[in-house]
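1. sequence first, then the predicted structure:
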Amino acid sequence: MPLRMARARGATTRAPREPEVSRGTVRVEEECLELDVTSPREIKVLRRWLGRVNGSAHSQPYLVEGPPGRFRLYVGEAAERVRTRHGML
């Protein structure tokens with residue numbers, strides 16, 4: 001019976017994934033960083049971040065979506081104001 005050797009993760013030969021071309025925009029506002037994304041993958045990633053970033057253990061940064069596909073990232077005093085406005089203490 002032949003012996004099989006273990007492989008490290010990622011050692012399989014796969015074609016490199018082509019990066020998606022994003023047509024979204026990033027704007028730097030006075031109180032926040034605003035992201036307009038169009039890629040469904042980017043929207044999905046940012047929505048997953050909502051739960052991680054906005055947990056009760058972290059007072060900042062604060063990530064908000066609205067309208068769909070437009071995200072705003074607040075930090076510092078702006079994050080505190082927006083969290084309070086949204087009822088998150």
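-> Right, received. Where do you want to start? Numbering: from 1, shown residues only.

2. need the contact list for the residue lying closest to residue 28 once chain neighbours are set aside.
-> Excluding its sequence neighbours, the residue lying closest to residue 28 (CB to CB, 6 or more residues apart in numbering) is residue 34, at 7.8 Å. The way it works is simple: take the backbone N, C-alpha and C, and place the C-beta from them, glycine included. Residue 34 makes contact with 26, 27, 28, 70, 71, 72, 73, according to CB atoms under 8 Å, 6 or more residues apart in numbering.

3. just the closest of the residues you listed to residue 84, please.
-> Residue 84 lies nearest to residue 72 out of the contacts of residue 34, by CB to CB, at 15.4 Å.

4. that closest one contacts residue 37, correct?
-> No - judged on CB atoms under 8 Å, residue 72 makes no contact with residue 37 at a distance of 12.0 Å.

5. would you mind telling me which of those two has more residues around it?
-> The neighbour comparison of residue 72 against residue 37 (other CB atoms under 10 Å) goes to residue 37, with 21 against 18.

6. which stretches of this protein have low pLDDT?
-> Residue ranges of the chain with pLDDT under 70: 1-22, 58-59, 88-89.
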